[in-house]
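J.: next one to model:
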Amino acid sequence: MGARPMARLIQDTIRSALADELLFGRLASGGKVTVDIGQEGKIRLVFADEPASVA
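T.: Sure, this is the predicted structure:
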């Protein structure tokens, strides 16, 4: 797979899902996400809450 098809795949799957979660979902208040490929071969986002840090 070349660079352009790989970039398109990342944009269509991972980037779109992360943007939705950042704006409206589980990452709206921050956190950590791990991108994984499930056993069925689909992209899976695994979320872990991180405590808010004091600045």
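J.: make it CA atoms for all contacts and neighbour counts henceforth
T.: Noted.
J.: which residues of the protein fall in helices?
T.: Taking DSSP state H as the criterion, the chain carries its helices at 3-9, 16-24.
J.: low-confidence stretches in this structure?
T.: Applying pLDDT under 70 to the chain flags the ranges 50-55.
J.: if we can go back for a sec, which of the helices of the chain is buried the deepest?
T.: Mean neighbour count (mean count of other C-alpha atoms under 10 Å) peaks for helix 16-24 among those, with a mean of 14.
J.: neighbouring contacts of it?
T.: Residues outside helix 16-24 that contact it (C-alpha atoms under 8 Å, 6 or more residues apart in numbering) are 27, 28, 30.
J.: swap the cut-off to 7 Å and go again
T.: 27, 28 (C-alpha atoms under 7 Å, 6 or more residues apart in numbering).
J.: how about the helices of the chain in JSON lines, adding distance to residue 46?
T.: Supplementary listing: the helices of the chain in JSON lines, determined by distance: least, C-alpha to C-alpha, whole Å:
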{"stretch": "helix 3-9", "distance to residue 46": "19"}
{"stretch": "helix 16-24", "distance to residue 46": "11"}
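J.: between those helices, which gets nearest to residue 49?
T.: Of all the helices of the chain, helix 16-24 sits nearest to residue 49, with 12.9 Å by C-alpha to C-alpha.
J.: returning to that earlier point: out of the helices of the chain, flag the one nearest residue 43.
T.: Closest among these, once you apply C-alpha to C-alpha, is helix 16-24, at 9.6 Å.
J.: if we can go back for a sec, right, and the helices of the chain - which one's nearest residue 36?
T.: Here helix 16-24 is closest among these (C-alpha to C-alpha), at 12.6 Å.
J.: please compute how far the closest one lies from its chain's middle.
T.: Remark: helix 16-24 is offset 8 Å from the chain centroid, using C-alpha atoms, centre = their mean, to the nearest Å.
J.: what's the answer for stretch 3-17, then?
T.: With C-alpha atoms, centre = their mean, you get 11 Å for stretch 3-17.
J.: what about that stretch, how long is it end to end?
T.: Using C-alpha to C-alpha, to the nearest Å, one end of stretch 3-17 lies 20 Å from the other.
J.: the residue positioned nearest the centre of the chain and residue 2, how far apart?
T.: Residue closest to the average C-alpha location in the chain (C-alpha atoms, centre = their mean): residue 18, at 4.0 Å. Applying C-alpha to C-alpha, the value for residue 18 to residue 2 is 23 Å.
J.: all set, thanks.
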